[in-house]
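Participant: Make a model of this:
(one chain, ligands or ions: 1)
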Amino acid sequence: MTSDEIRKAYLDFFKGRGHVIVPSESLVPENDPTTLFTGSGMQPMLRYLLGESHPSGKRICDSQKCFRAQDIEEVGDNRHTTFFEMLGNWSLGDYFKKEQISWMFEFLTKVLGLYPGNIYVSVFRGNEKLKLPRDDESVGIWQEVFKEAGIKAKAVDFAEKNGMQGGRIFYYDERKNWWSRTGTPEEMPLGEPGGPDSEMFWDFGDELNIHENSPYKDKLCHINCDCGRFLEIGNNVFMEYLKTESGFSLLPQKNVDFGGGLERMVAAQNNQPDIFKTDVFNDLVSKIRELAGEIEVSAVRVFADHLRAASVCLLSL
Ligand code: SER
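Facilitator: Numbers count the residues shown, from 1 in each chain. Predicted structure coming up:
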């Protein structure tokens, strides 16, 4: 499928489940001085996640233009860009984990046709000190949907020294499986909403030897390994907490904040480990090669990303 087909399929899928499709907000956030550029689909949704009524209702989806300057040093590998399109859907105090996980699995496996055996997920391990519970509920739902697809999904606590351990669902701590605009629970300012998240990964498979040919070859591979074998294709945030002076309290409503990079979904759907070899970048990469001659792959990727990002930033002013 092409990127246009995947964007349309995603929006149609969620429209079919009662969501209103809204246009992307500007790349330069309005009334939000926290960042120079919109870095996630949830940023324009913040006040609705905190409880204000959204004019289009409780179920929203979109494709949001995003720019993450914090990822700029990562650009050059097979999957990072500064500018990207984030496909997003939100439940503003409506459905929660059960619907979100089942729908995402259905979208990935039935609409995009991804083979369930190559999908892995992560969940929040919990933090006793912060009184934030372990997300066993999401694990139960993931196990159910994998079981329906004929897969017994073993859940394991991730530990670097143990690698995959035959697991399909991995518990990670808040450095990986907590989401707020500002990072981990400790990094959040008072009044900031956040929540545990469950990320989904596409496995390009061990036969490509991506890990073995990477700088991480001497470490055990796992779904969050930086080698590029596993590609994070979406993040289900269960945004139900607010940081307060006395710790975390529950928001007035339980929200879902899903975001998935369109470019990465295209790469997974095409089973193409290099997002710069998908239709999103093909024309640009050909032109750069034509003009620059023989240059390193990573340099081509940097040119492609920065040219695209700079163009979209300029168009957004
Ligand atoms: N806000 C989450 C993210 O950016 C999910 O939309 O990953």
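Participant: Most proximal residue of the stretch 101-250 of the chain with respect to the ligand?
Facilitator: residue 235 (3.9 Å; CB to the nearest ligand atom). For the C-beta atoms, the positions are set from N, CA and C on the backbone; glycine is no exception.
Participant: Now that residue: closest residue in space that isn't a chain neighbour?
Facilitator: residue 199 (4.9 Å; CB to CB, 6 or more residues apart in numbering).
Participant: How is residue 284 classified with respect to secondary structure?
Facilitator: Assigned by DSSP: H, G, I helix; E, B strand; the rest coil, the conformation of residue 284 is helix.
Participant: Residue 238 too?
Facilitator: strand.
Participant: any weak-confidence spans in this protein?
Facilitator: Scanning the chain for pLDDT under 70 picks out nothing.
Participant: So out of everything in it, what residue is nearest the ligand?
Facilitator: Proximity of the chain to the ligand (CB to the nearest ligand atom) peaks at residue 259, 2.3 Å away.
Participant: Can I get the strand or helix carrying residue 300 in PDB, CA atoms only?
Facilitator: Following DSSP states H and E, one finds residue 300 within helix 297-316. C-alpha atoms of helix 297-316 as PDB (Å, rounded to 0.1, in the frame of the first residue of the first chain):
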ATOM      1  CA  VAL A 297      23.400   6.200   2.700                       C
ATOM      2  CA  SER A 298      23.200   8.100   6.000                       C
ATOM      3  CA  ALA A 299      24.000  11.400   4.300                       C
ATOM      4  CA  VAL A 300      21.300  10.800   1.700                       C
ATOM      5  CA  ARG A 301      18.800  10.200   4.600                       C
ATOM      6  CA  VAL A 302      19.900  13.400   6.400                       C
ATOM      7  CA  PHE A 303      19.500  15.400   3.200                       C
ATOM      8  CA  ALA A 304      16.100  13.900   2.500                       C
ATOM      9  CA  ASP A 305      14.800  14.400   6.000                       C
ATOM     10  CA  HIS A 306      16.200  18.000   6.500                       C
ATOM     11  CA  LEU A 307      15.000  19.100   3.000                       C
ATOM     12  CA  ARG A 308      11.500  17.800   3.600                       C
ATOM     13  CA  ALA A 309      11.300  19.100   7.200                       C
ATOM     14  CA  ALA A 310      12.700  22.600   6.200                       C
ATOM     15  CA  SER A 311      10.100  22.800   3.400                       C
ATOM     16  CA  VAL A 312       7.200  21.900   5.600                       C
ATOM     17  CA  CYS A 313       8.400  24.300   8.400                       C
ATOM     18  CA  LEU A 314       8.600  27.200   5.800                       C
ATOM     19  CA  LEU A 315       5.200  26.400   4.500                       C
ATOM     20  CA  SER A 316       3.800  26.500   8.000                       C
END
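Participant: Great, nothing more from me.
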